[in-house]
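Chemist: this one's sequence-less:
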């Protein structure tokens, strides 16, 4: 069992992270600040986190042998991607090895139908939903829920890639075949007026701490902009925090979770999806809060006291996304102009190639007001462009 009350620089606590993308990189950065050791497991050699971690194991997220090797080298395991092997992690936990968030939590959240069923069972508000058994069944469900209706792949989908919005009966065959033989579910469409999210952490001792609510704007199913604090009234804010903390309590999760929600015209708040890890919409916490989501995640998985997050200033985060005109090596042009904008921080994840919709980095703009932060974020976004990078040929 890891002794998280003792920091020994000569033999530091080692945190194993399944996944070495940008989230793993930012967790590793916070860990290294505290002289913790970090080993990441990721199938991509030279993944973003590899430049900061002490070691990378190059293997698939579900590779049982690789996960066991990672566990043998580390004091505690966590993950930055839901594709981790929950069965193997359960085997480790059964041997009293600390895996946080728990493999059972991961198992519930990995499948959207299981996730929504769990929330409904615990009387947490979600949109009406049902698993789809056949194309004929999908016709029946769409008649019941009405149009538009949201068809979702239950597993292995993120950033809108597992969603199909059905707007008419004529689209049903196309929608059903879009997911091939994958397990699918349909949800009643929520006519929301805002999308919001909240980062909330829980440690194994049961302590829970919530961050400020962020307002999110998506484009093509991918998060484009997060605004903190969200432009919502106090009643909606308190409702969102209450739902988020109740969710963490019933999940018994240990770590930080990103909980995405819809706000309706009537002021109702419904959970859309849960991520059992740091989340894109929580990146603003690095600059705008008294503790970042990444430090809070480490505190939670090591069962250390959670810091009560305080919003120090308004902030706006905008993603740097690959565009449809560029696939392959890339460069970011316009750094001088971008970095001349006051209150702006640039994050480049270190992914070697661009492709449409890929998250390559983000910009956070802070300000004295939300309006000022929005203005600075817009100026920074307009200052750069993605261009193709010329590859130098190695002389023969």
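Modeler: Yes, it's here. The structure presented is a predicted model; accordingly, all values stated were derived computationally and were not measured. Residues are numbered from 1 along each chain as shown.

Chemist: bridging residues for residue 311?
Modeler: Residue 311 has these beta-bridge partners by DSSP bridges: residue 289.

Chemist: that one: neighbour count?
Modeler: 16 (other Cβ atoms under 10 Å). Heads up, the C-betas are built off the backbone N, CA and C, glycines and all.

Chemist: so it makes contact with residue 289?
Modeler: Yes. Counting by Cβ atoms under 8 Å, residue 289 is a contact partner of residue 311 at 6.0 Å.

Chemist: intersection of neighbour lists for the two?
Modeler: Taking Cβ atoms under 8 Å, 6 or more residues apart in numbering as the contact rule, residue 311 and residue 289 both touch residue 212.

Chemist: buried stuff in stretch 31-48?
Modeler: Using 16 or more other Cβ atoms under 10 Å as the test for burial, stretch 31-48 gives 31, 36-43, 47-48.

Chemist: contact partners of that stretch?
Modeler: 7, 9, 12-22, 24-25, 27-28, 49-50, 52-61, 63, 66-67, 70, 73-74, 298, 349-352.

Chemist: so which of those sit within helices?
Modeler: Counting by DSSP state H, the contacts of stretch 31-48 place 22, 24-25, 27-28, 66-67, 70, 73, 298 in helices.

Chemist: buried ones among those residues?
Modeler: Neighbour-count burial (16+ other Cβ under 10 Å) applied to the ones in helices among the contacts of stretch 31-48 gives 22, 24-25, 27-28, 66-67, 70, 298.

Chemist: among the ones in helices among the contacts of stretch 31-48, which one lies nearest to residue 113?
Modeler: residue 67 (25.1 Å; Cβ to Cβ).

Chemist: distance of the nearest residue to residue 304 once chain neighbours are set aside relative to residue 307?
Modeler: Nearest non-adjacent residue to residue 304, counting by Cβ to Cβ, 6 or more residues apart in numbering: residue 4, 5.6 Å away. For residue 4, the distance to residue 307 equals 15 Å [Cβ to Cβ, to the nearest Å].

Chemist: how about residue 275?
Modeler: 20 Å.

Chemist: before we move on, the earlier item: ok, so of the ones in helices among the contacts of stretch 31-48, who is nearest residue 108?
Modeler: Distances from residue 108 to the ones in helices among the contacts of stretch 31-48, taken by Cβ to Cβ, are shortest for residue 67, at 19.2 Å.

Chemist: okay, now residue 310: neighbour count?
Modeler: Using other Cβ under 10 Å, residue 310 has 11 neighbouring residues.

Chemist: could you number the chain from 564 rather than 1 from now on?
Modeler: New numbering, starting at 564: the last item is residue 873.

Chemist: so what's it closest to, chain neighbours aside?
Modeler: residue 853 (4.2 Å).

Chemist: what count of nearby residues applies to that neighbour?
Modeler: 13.

Chemist: right, and it touches residue 870 too?
Modeler: Yes. If you go by Cβ under 8 Å, residue 853 and residue 870 touch, sitting 6.6 Å apart.

Chemist: could you report the neighbour count for residue 899?
Modeler: For residue 899, using other Cβ under 10 Å, the count is 9.

Chemist: model confidence over the helix or strand containing it, on average?
Modeler: Under the criterion DSSP states H and E, the helix or strand holding residue 899 is helix 898-902. Per-residue pLDDT over helix 898-902 has a mean of 97.

Chemist: pull out the buried positions in it.
Modeler: The neighbour-count criterion (16+ other Cβ under 10 Å) identifies residue 901 as the buried residues of helix 898-902.

Chemist: chain center to that helix: distance?
Modeler: 27 Å (Cα atoms, centre = their mean, to the nearest Å).

Chemist: if I look at residue 636, how far off is residue 942?
Modeler: 45 Å.

Chemist: same thing with residue 872?
Modeler: Distance from residue 872 to residue 942, by Cβ to Cβ: 27 Å.

Chemist: neighbour count for those two, which is higher?
Modeler: For the pair residue 872 and residue 942, the greater number of neighbours falls to residue 872 (21 against 16), based on other Cβ under 10 Å.

Chemist: list the contacts for that one?
Modeler: So residue 872 contacts 772-775, 848, 852-854, 859 (Cβ under 8 Å, 6+ apart).

Chemist: for residue 617, same thing?
Modeler: Residue 617 makes contact with 577, 600-602, according to Cβ under 8 Å, 6+ apart.

Chemist: just the element for residue 803, please.
Modeler: Going by DSSP H and E, residue 803 is part of helix 797-814.

Chemist: residue 727 now?
Modeler: Taking DSSP H and E as the criterion, residue 727 maps to strand 726-729.

Chemist: would you mark the buried spots in that strand?
Modeler: Buried residues in strand 726-729, counted by 16+ other Cβ under 10 Å: 727, 729.

Chemist: mean confidence for that strand?
Modeler: 94.

Chemist: now do the helices in the stretch 814-959 of the chain.
Modeler: 848-851, 856-864, 898-902, 933-946 (DSSP state H, counting those that start in this stretch).

Chemist: closest to residue 677 out of those?
Modeler: Smallest distance to residue 677 across those (Cβ to Cβ): 22.7 Å, for helix 856-864.

Chemist: alright, that wraps it up for me.
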